[in-house]
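Colleague: For reference, the sequence and a predicted model appear below.
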Amino acid sequence: MTVTSEQHPTEPSGPSSSLFVRACRGERGPRAPVWFMRQAGRSLPEYRRVREGVPMLESCARPDMVTEITMQPVRRYGVDAAIFYSDIVVPLKAIGVDVDVKPGVGPVLGAPIRSRADLDQLRPLEPDDVRFVDESVRALVDQLGETPLIGFAGAPFTLASYLVEGGPSKHHEVTKALMHSDPELWHDLLSRVAAISAAFLGVQVAAGASAVQLFDSWAGALSARDYARVVQPYSARVLDSVGTVPRIHFGVGTSEFLPLMAEAGADVVGVDWRLPLDEAAHRVPGKPVQGNLDPALLGADPAVVDAEVDRILAEGRGAPAHVFNLGHGVLPDTDPDVLARVVERVQAAGAPG
Ligand code: CP3
């Protein structure tokens, strides 16, 4: 067992007393913990090697690959948390939805779900459907020791958008048309998807995940009014189902309704790069925040990246606690050495004076 420099040997140890989990609970430690969305993935040569010839969703169903890929960024960067290697569509695939993740594209369905008959495809997720998730999480918790594992799921709106559009969408117009034209079908769709996401998180938490993140990546396409009315209640159901571990709620382009994301039942509010963290903290009083370095800036001069890290750490002090992260996932062409430098800089920064 390793004792990190931040911990006194007599203090309780284990992931639940890690800097990351403490920050999620609103406790400001000696420094901000740091991890990155999509820290595992194509930016890492060791990931590309392991994935060679293995389709994305197949790799997610193989515990040996899941554990190796999840560990890769922990080993390379010494980040303060691991994120479970999987995908938001894994639970859909597990209940028999014809879905594939196409490289460079994202999730693509064999046939979109747009009618009541289509909806019947979406049966509830049973723990037995994702035994490989249970097995992978248990193996990871064992290997990670003091380092917490973050479990995750897609939020109902983001998952529903893939289901209804049949793939990635710029304007989400079929989804929005359905939401407004057939409220009853929308309600049934989101209810089913919420139950699936809740069950997926439940398996990860039961197997030992120390925190969860609900990804509502495309919620920023919505007006605050629509979000509040026909999306937030379903995300709230998912978050409410998570009993014991901290819940991070993240969206992209959601600055206009951060308070609604907090009220949905978040312990930590994830913030993209569009809003300074001190302003985000002001919008969600009392909540720890996570974010928010623009992933596209990682290709800028090192001095620029350093200055951004320092600015974000300073702005994060406006919240009860701050989990350092990007404003969205690591882009595939990111130089891993730049991320290593960010981790080093965040971890070297001391407690606020
Ligand atoms: O390191 C991690 O963050 C953990 C693993 C993780 C993946 N997907 C692995 C992955 C997580 C947390 C996700 C969540 C996910 N999947 C989201 C929410 C997060 C976000 O980025 O907003 C979304 C929207 C998806 C759907 C999805 N899956 C997309 C848009 C893509 C990218 C398609 C592409 O090739 O550009 C995927 C594929 C995917 N998921 C990859 C990885 C590592 C890339 C697969 C590859 O080609 O190797």
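Modeller: Happy to help now that I have it. Residues are numbered from 1 along each chain as shown.
Colleague: Would you map the strands across this protein?
Modeller: With DSSP state E applied, the chain shows strands at 82-83, 99-102, 106-109, 149-154, 211-216, 247-251, 268-270, 289-293, 322-326, listed in chain order.
Colleague: Show me what counts as buried in the second one.
Modeller: Pointing back at strand 99-102 there. Judged by neighbour count (16 or more other C-beta atoms under 10 Å), strand 99-102 contains these buried residues: 99-101. Placement of C-beta: from N, CA and C, glycine included.
Colleague: from those, which are also near the ligand?
Modeller: The overlap between these and the neighbourhood of the ligand (criterion: C-beta under 6 Å from any ligand atom) consists of residue 101.
Colleague: With respect to the ligand, which of the buried residues of strand 99-102 is nearest?
Modeller: Taking C-beta to the nearest ligand atom as the measure, the ligand lies nearest residue 101 of these, at 4.7 Å.
Colleague: Count the neighbours of the residue in the stretch 51-200 of the chain that the ligand sits nearest to for me.
Modeller: Of the stretch 51-200 of the chain, the residue with the smallest distance to the ligand, taken as C-beta to the nearest ligand atom, is residue 106 at 3.3 Å. Residues contacting residue 106 under the criterion other C-beta atoms under 10 Å number 17.
Colleague: dump the residue contacts of it.
Modeller: Shown in contact with residue 106 (C-beta atoms under 8 Å, 6 or more residues apart in numbering): 162, 167-168.
Colleague: so where's the protein uncertain?
Modeller: Per-residue confidence for the chain (pLDDT under 70) gives these ranges: 1-12, 351-353.
Colleague: Counting residues, name the longest helix you see in it.
Modeller: Of all the elements of type helix in the chain, the one with the most residues (DSSP state H) is helix 183-206.
Colleague: Just the closest residue of the stretch 151-300 of the chain to the ligand, please.
Modeller: Distances between the stretch 151-300 of the chain and the ligand by C-beta to the nearest ligand atom are smallest at residue 217, namely 3.1 Å.
Colleague: any chance you could read off phi and psi for that residue?
Modeller: phi -60, psi -30 (degrees, to the nearest 10).
Colleague: correct me, but it touches residue 158?
Modeller: Yes. With contact taken as C-beta atoms under 8 Å, residue 217 and residue 158 are classed as touching, separated by 5.0 Å.
Colleague: residue contacts, residue 247?
Modeller: Residue 247 is in contact with 211-214, 239, 265-268, counting by C-beta under 8 Å, 6+ apart.
Colleague: one step back: tell me how far the residue of the stretch 151-300 of the chain closest to the ligand lies from residue 253.
Modeller: From residue 217 over to residue 253 the distance is 9 Å, taken as C-beta to C-beta, to the nearest Å.
Colleague: higher neighbour count, the two?
Modeller: residue 217 (24 against 15).
Colleague: ok, now which ones touch the more buried one?
Modeller: Residue 217 makes contact with 154, 158, 250-252, 328, according to C-beta under 8 Å, 6+ apart.
Colleague: Return the entry from the residues you listed with the maximum number of neighbours.
Modeller: With neighbours defined as other C-beta under 10 Å, the most crowded of those is residue 251; it has 29 neighbours.
Colleague: Report the beta-bridge partners for that one.
Modeller: Partner residues in beta bridges with residue 251: residue 216, with DSSP bridges as the criterion.
Colleague: these two touch, right, it and residue 261?
Modeller: Yes. Applying C-beta under 8 Å, one finds residue 251 in contact with residue 261, separated by 6.1 Å.
Colleague: who touches both of the two?
Modeller: When C-beta under 8 Å, 6+ apart defines a contact, the residues bordering residue 251 and residue 261 alike are 216, 219.
Colleague: Say whether the ligand is contacted by stretch 151-166.
Modeller: Yes. Contact between stretch 151-166 and the ligand is present through residue 152 (criterion: C-beta under 6 Å from any ligand atom).
Colleague: Make sure residue 152 is actually in contact with residue 83.
Modeller: Yes. Shown here, residue 152 and residue 83 form a contact pair, counting by C-beta under 8 Å, at 6.6 Å.
Colleague: shared neighbours, the two?
Modeller: Going by C-beta under 8 Å, 6+ apart, residues that sit against residue 152 and also against residue 83 are residue 213.
Colleague: I'd like to know how many residues surround residue 285.
Modeller: 10.
Colleague: Redo the contacts of residue 247 as CSV? Include distance to the ligand and neighbour count.
Modeller: Listed next are these as CSV, based on distance: C-beta to the nearest ligand atom, whole Å; neighbours: other C-beta atoms under 10 Å:
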residue, distance to the ligand, neighbour count
211, 13, 29
212, 11, 26
213, 7, 27
214, 10, 28
239, 16, 23
265, 19, 18
266, 16, 25
267, 18, 19
268, 15, 28
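Colleague: wait, what's in contact with residue 273?
Modeller: When contacts are counted by C-beta under 8 Å, 6+ apart, residue 273 touches 291-295, 297, 326-328.
Colleague: Buried members of the residues you listed into PyMOL, please.
Modeller: In PyMOL, a selection of the buried entries from those looks like this (16+ other C-beta under 10 Å):
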select buried, resi 291+292+293+294+295+326+327+328
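Colleague: Please tell me how far the nearest residue to residue 334 once chain neighbours are set aside sits from the ligand.
Modeller: Beyond its immediate neighbours in the sequence, the residue positioned closest to residue 334 (C-beta to C-beta, 6 or more residues apart in numbering) is residue 43, lying 4.4 Å away. Distance, residue 43 to the ligand, using C-beta to the nearest ligand atom, to the nearest Å: 9 Å.
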